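**Q** Turn this into a structure:
(4 chains)
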Amino acid sequence: MVQLPWLLLLLPLATAALIHFALGGSGRLAAWTGTASAFGMLGLSVSLLVGATAEASPFVWLETGMFHPDLEQAITLSLKTDRLALSMMLVVTIVGALVHLFSLTYMAEDKARPRYYAGLSLFLFSMTGIVLAGNLFMMFIFWELVGLSSYLLIGHWFTKKSAAEASKKAFLTNRIGDFGFLVGILLIWGAFGTVDFNALERRVDLGNLPLTGGLLTAGILCLFAGAVGKSAQFPLHVWLPDAMEGPTPVSALIHAATMVAAGVYMLVRISFLIALDPTAAMTIAWIGGGTALLAALLATQQDDIKRVLAYSTLSQLGYMVMAVGLLASQAAYFHLFTHAFFKALLFLGAGAVIYCCHHEQNIWKMGGLAKRMPLTFATFAIGTACLIAVPYVTSGFYSKEAILDSAYAASRPLFWIAAFVALLTAFYMTRLVVVAFLGKARSQYARDAVEAPTPMAFALTCLTLLSIVGGFRFFAEAILPRGFYPTFDSPHHNFVMAVSIICLLAGVVASFLLYRGREKDPLHITPLRRGLYIDDLYTGLIRLFQDGAAAVAAAFDRHILNGFFLGGTAALTQAVGSVFRRMQPGSLHFYLVLAALGIMLLIWATSTV
Amino acid sequence: MSPHYLEIFVIGLALTLLMADAFFPAREKRVIAWIGASGLAIVFGLLFVVDPAALPPDTIAPYYSADPHALFFKGLALIATIFVLLLGCDFMPVLRRGINGADNDRKGGVAESFILPLFACAGMMWMASATDLIFLFLSLELVTISFYVLVASMRRQVGSLEAGVKYLLLGALSTGMLVYGITWVFGATGMTKMSQLAVAVPGMTDNIAALTFGSMLVLAALAFKVGLFPFHSWIPDVYQGAPTPVTAFLAVASKAAAVLVLARFLDPFLNNPEIAAKLIPVLGVISGATLLFGNLGALGQYNFKRLMAYSSIAHAGFLLLGILGRDFTLVSFYLGAYVCMTLAAFFAISIVRRSVGRDDLSAFNGLARRNPALAFTLVVSAASLAGVPLTAGFIGKFGVLMGAVNAGYWPLVAVAVPAAAVGFYYYFKIVRHMFWEKPDDLEPLPVGRLSTTALALLTAGTLVLGFYPRLLERAIQDAPIVPIPAATANTADTP
Amino acid sequence: MDSILFYLFALVMIAFGFGVVMNRNPVTSAMCLVGCFLGVAALFIMLDAFFIGVVQIAVYAGAVIVLFVFILMLLDIAGEKRREFPIHAIAIGLIVAVIVGGQIAMVAGSLDDVGGKFPPIDKAAAVEARVERGNNPDSTINTILTDPKKPSYPDVHIIGEALFTRYPLHLQIVAVLLTVGAVGVVVLSKKRLE
Amino acid sequence: MTLEHYLIAAGILFCTGLFGMIVRRNILVIFMCLELILASATLTLVAFSRFRLTSGLPDIDAQMLVFFVITVAAAEVAVGLAIIVSLYRSTQSVHMEDLHTLKG
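**A** As a prediction, this is how the structure comes out:
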């Protein structure tokens, strides 16, 4: 009997292997195989959601006796197929399938299509693994795999230096977060003796808490570090804008809808832990809020259509993380759910624009596209409406209201930050639409643009529909876990809504007035354009660290030990004086002295009678 | 068949080849490596049919054990030696130049480079079985002396000789420490057999100072072999100067055998609460310092062999952490993984060295374009050395960290995790050179069929162990680290 | 008498040991090494380890030192004496030596039976133990042990017996080791290799 | 004479060897110093063997170890000297300061 969840997990892996090993020669075949497999996954996850048996027996991967003699537990590759996982799976597979469809035309002329589709399938495999993971350890493994496949996809055009650099940056930045994650997992393991979600939750429910105080805070924050890396929160946000070097459908899939949301998904999974520790929760909330604000500010000054969207993604992820920190993980997850559709829609719309403008990405070289690409414009506009949360008709409105509601209830400063971010969102998205789609065409490419081809248009239309219905109760409640759909019955709801509508209007109107009919950007705030110099700071720090660590290690070797005991460079010899003057560095001698000192210390440290 | 025939077969093979080399001067010495490797492969097969119970009870069993750990390490030593011989085949032109100097057309002189590893292999197999300190001393010395010769064997190159001298002096010092340490352990207990020590030491309350003193000296001696701070200092120089196959052999087999011996030796002492109270902090400090020194030292390296040397120091730190966590199954797994990934890296080094003539990191520039398959194997090996999930190295590192967490060594975990993170940085440097740096020339880099097979096997091993670690886990059975034969009490101790 | 001899030989051993370290000329150092080893051998004999004492003289003084001197003559390294003995190295050396020496003295003092007198060899007990373990009472060793005319015990016999009955594998390893040594020396120093 | 006398005499020899190893720069002399350390170890061992009688006789295991140590040391000296001679042939020196091909 084939267990459907396992099939769902292994199907993309098999596809990736098939494409990589057997279909390497044929781009066309690889494309269709990949797309078919993605739709197959969609079918599987729908059937799982509507009631096919989701049982999946665990697969023992490591006897933990090897790791932990006291616990008779094994590290298993177990799948957790609750409603949370299945609804997330639906999001992943819908966006994945549509992105595959979109890529059929977008990547049609690419020579390395087999590599691209193998990468996409590998990504879907890793993402499925994260979503269905039954324990933190398994999640970590797929966490790493997702990083790897994202690295491969960002660097798809690796001959382009910026793409290669961007993929490297994404990889390394993620590693920092992942190490925090690993430490967190170790801490949890060390304290609870298990990393299984069900077992952990049972322990917490029973009030059996081996980890308390600072250690608990540290553990949660370490796990959060993983989310900081993957969901590109401050201060590790720098990789996401650069990751836009990858093909646009990849940006839509990975850097808008799924992978970056994995951090939030993980936080929602462990929300029962976060709820235990207010300090950690508040830290998470503030990092989320800060990221939302920072990214929204930066987004107002970007000229590259994809970078605007990237910063907006950052900002929305910040919203979600903030909500998790405010212990409103239902709201966070609901926003994740709606955001996935409309952000994928926006990215694919941007992809269509880029495709039709011959890979021009600067919005100031577009203009007037509304007339030439009416369908793309319409879908993009709807996506924008969702993002800026136009009341009642868009899905983004419902989820954002849910977050704002919870923010108002939990922390006023964060609520006002969130409201200001909403204003900024309305501002920069209106700017984007006005500059790129309205007015006159400002380049030859924009003048020659034609409507997107049918598969693209189909994908856009599907996502538009989902973007609208995604927020409606009948649709969302059918998919989301019970109790995740917001009720909007708080006493201050009307005030919150009024604030958000005022912010929306203010942002749209200001932007419209400022940008309508402009030929070039009337605002020019250099710090915002340069990402507040955070990137430069990191580059400097990395250089400092690399050189510094190497220098410290070398100096330790040469000067401190070698120099102090045996004399070394001229400078040190001078400093220490005439005692060392006649000496020359003799490294074998140094080794012998070091060994003798080591023996002396060993004996001295242990055999004091 | 009694397990002690395994080493005798290896020695017999070595002596036969030595004779054959003298009497039938073949122009092409490759044959010797081939015969050696196939002979060892047969011995490896015999590992699965030996019967540990068949040991002669009076003459062999008192100091020789064929417990699961010993058999596992014998297998590891055999596999490592087989691959080192194949590596030597590939490296022969360089070896020949190093041995014969400018006299380039001479083909001879390399046979001993293929025969001495066999002796060393037998020595390591004996080490793995040693449960008697005298026997341990002798087998360790057999390995060490073989390595003195092997390291210095490229005698027309100053680097090799210099490495030889450095290894010689520090090795001789470690021999002195070993003997003096054994002496004091004997002085405190009157015993030289580890199985007796394992019974007697945990409950001892007399002569604790002498016992600790002796164990510290033996620890220092073994720390030399394993490469633990502050006895690690020979490693970078010797690894750089020695011929690449010998470096690989030192890094893999010699270290693995020494780790087993270290764990075996320390076990009784760690079971004595009074000694353990002094020993554990010291071991912790050594492990932490080794991790820091290895990983930080590697950051500034631009020679691949030196980088691997520091990396091997760093791994030694992790291995000691594993020993401290008292889970030897895990240490065995770590070593198995380490053998696969390190050998693969050394194969890549030797291939590049042979065609580019250098082993700097810059020699690997653009390898991804010159030979994508080779670059891929090196990526897998670097990833595994760094501990990327789904490679064997990850399981090893994760497990060791887990063990430390379970044992409550939090300060060590706090050192080990950043150390591992730093590791990512310098292993990534290798990847960067292969994928992003411009090569000097774009000629495809040829790899012989032999190396291709070996690399494929090693890479497959690294990945399979990462995906399905239970494969090796099954080979390593859980057994007491110091085997105590039932007959110990009755065997004669005095004439 | 015994203690005078002990102090004499110990002094010889340590003084010549110091001579090895402090002499600028390596040839003199080698000669001092001979003196030191003779002192060690004499102490061995005082400890009733006759065979080991003789081996010490034969192998070390006879073979190893000759090898050293031979190499020293071959290399002719007289011209490099000036570079020895930097003061800081002496300082470190003294610190290490004093601390290690102090620790050794402390550890030696902490042994439980350290103050005991020189225990006399009890041949009767040895024979008894041997017979109890199934040894033939009339074997050569037992005969010598029971012979009251022999002043000391037959340590060569006993070592030989142990070597060939209880340590055969060790002996074989030593043989292999010596083979490796021989091969190694040939590999490293032969002028032309075939 | 007590055991302690012998142990301390051997200990002094050990420290002399260690001291020489640190102060000397001539590789050959350092090698000799390492022989001193070995000799001190064997002396300690024989002393233990003689003072810890087992069934009336000196402990034979310890004497076996001494015997093996002497043998191994001889082999080690042979190989070591061969390496040092080879080094001298290529660098014309047996001083540690002249070893500077390998460094970081």
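**Q** quick one: contacts for C:Phe18?
**A** D:Thr16 (C-beta atoms under 8 Å, 6 or more residues apart in numbering or on different chains). From N, CA and C alone the C-beta is placed, and that goes for glycine too.
**Q** in what helix or strand does it lie?
**A** Taking DSSP states H and E as the definition, one finds C:Phe18 inside helix C:2-22.
**Q** In stretch A:152-162, which residues are buried?
**A** A:152-158 (16 or more other C-beta atoms under 10 Å in any protein chain shown).
**Q** Show residues contacting that stretch.
**A** Under C-beta under 8 Å, 6+ apart, the answer for stretch A:152-162 is A:112, A:115-116, A:119-120, A:122-123, A:163-164, A:166-168, A:170, A:242-243, A:245-247, A:250, A:254, B:435.
**Q** Equivalent analysis for stretch A:33-49, please.
**A** The contact list for stretch A:33-49, computed with C-beta under 8 Å, 6+ apart, reads A:4-5, A:7-8, A:11-12, A:15, A:18-19, A:23, A:54, A:81, A:86-87, A:89-90, A:92-94, A:96-97, A:99-101, A:103-104, A:117-118, A:120-121, A:124, A:128, A:479.
**Q** and these, which of them are in helices?
**A** Judged by DSSP state H, the subset of those located in helices is A:4-5, A:7-8, A:11-12, A:15, A:18-19, A:86-87, A:89-90, A:92-94, A:96-97, A:99-101, A:103-104, A:117-118, A:120-121, A:124, A:128, A:479.
**Q** Among the residues you listed, name the buried ones.
**A** A:4-5, A:8, A:11-12, A:15, A:18-19, A:86-87, A:89-90, A:92-94, A:96-97, A:99-101, A:103-104, A:117-118, A:120-121, A:124, A:128, A:479.
**Q** Chain D contacts on the stretch 1-150 of chain B?
**A** With C-beta under 8 Å from any C-beta of the partner chain as the criterion, the stretch 1-150 of chain B comes near chain D at residues B:133-134, B:137-138, B:141, B:144-145, B:148-149.
**Q** What of the stretch 151-300 of chain B?
**A** B:152, B:155-156, B:158-159, B:161-166, B:168-169, B:172-173, B:175-177, B:179-180, B:182-184, B:186-187, B:190, B:192, B:236-237, B:240-241, B:297, B:300.
**Q** rerun that using 7 Å as the cut-off
**A** Applying C-beta under 7 Å from any C-beta of the partner chain, one finds that the stretch 151-300 of chain B approaches chain D through B:152, B:155, B:158-159, B:161-165, B:168-169, B:172-173, B:175-176, B:179-180, B:182-183, B:186-187, B:190, B:192, B:236-237, B:240-241, B:300.
**Q** Out of those residues, which sit inside helices?
**A** B:158-159, B:161-165, B:168-169, B:172-173, B:175-176, B:179-180, B:182-183, B:186-187, B:236-237, B:240-241.
**Q** For the closest residue to C:Val40 other than its chain neighbours, give me its contacts.
**A** Take C:Val40 and drop its neighbours on the chain: the residue closest to it by C-beta to C-beta, 6 or more residues apart in numbering or on different chains is D:Ala39, 5.0 Å away. By C-beta atoms under 7 Å, 6 or more residues apart in numbering or on different chains, the contact list for D:Ala39 reads C:36-37, C:40, D:13.
**Q** before we move on, the earlier item: need the residues of the stretch 1-150 of chain B next to chain D in CSV (columns: secondary structure and pLDDT).
**A** Formatted as CSV, the residues of the stretch 1-150 of chain B next to chain D follow (DSSP: H, G, I helix; E, B strand; the rest coil; pLDDT from 0 to 100):
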residue, secondary structure, pLDDT
B:Leu133, helix, 92
B:Ile134, helix, 93
B:Phe137, helix, 94
B:Leu138, helix, 95
B:Glu141, helix, 94
B:Thr144, helix, 94
B:Ile145, helix, 95
B:Tyr148, helix, 94
B:Val149, helix, 93
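**Q** on that earlier part again, ok, then the element right after the helix holding C:Phe18?
**A** helix C:26-46.
**Q** which strands and helices sit next to the following helix or strand past that next one?
**A** Sequence order places helix C:50-55 as the next helix or strand after helix C:26-46, per DSSP H and E. Using 3 or more C-beta pairs under 7 Å, 6 or more residues apart in numbering or on different chains; DSSP states H and E as the contact test, the elements touching helix C:50-55 are helix C:26-46, helix C:155-165, helix D:60-91.
**Q** need the least confident one among these, by mean pLDDT.
**A** The minimum mean pLDDT among those belongs to helix C:155-165 (a mean of 86).
**Q** does that one come close to chain B?
**A** Yes: residues of helix C:155-165 contacting chain B under C-beta under 7 Å from any C-beta: C:158, C:161-162.
**Q** what's in contact with that helix?
**A** Applying C-beta under 7 Å, 6+ apart, the contact partners of helix C:155-165 are B:495, C:49-51, C:140-141, C:144, C:171, D:57, D:60, D:63-64, D:67.
**Q** what do you get if the cut-off is 10 Å, keeping everything else the same?
**A** B:58-59, B:492, B:494-495, C:48-55, C:121, C:126, C:130, C:135, C:139-142, C:144-145, C:154, C:167, C:170-171, C:174, D:57-58, D:60-61, D:63-64, D:66-68 (C-beta atoms under 10 Å, 6 or more residues apart in numbering or on different chains).
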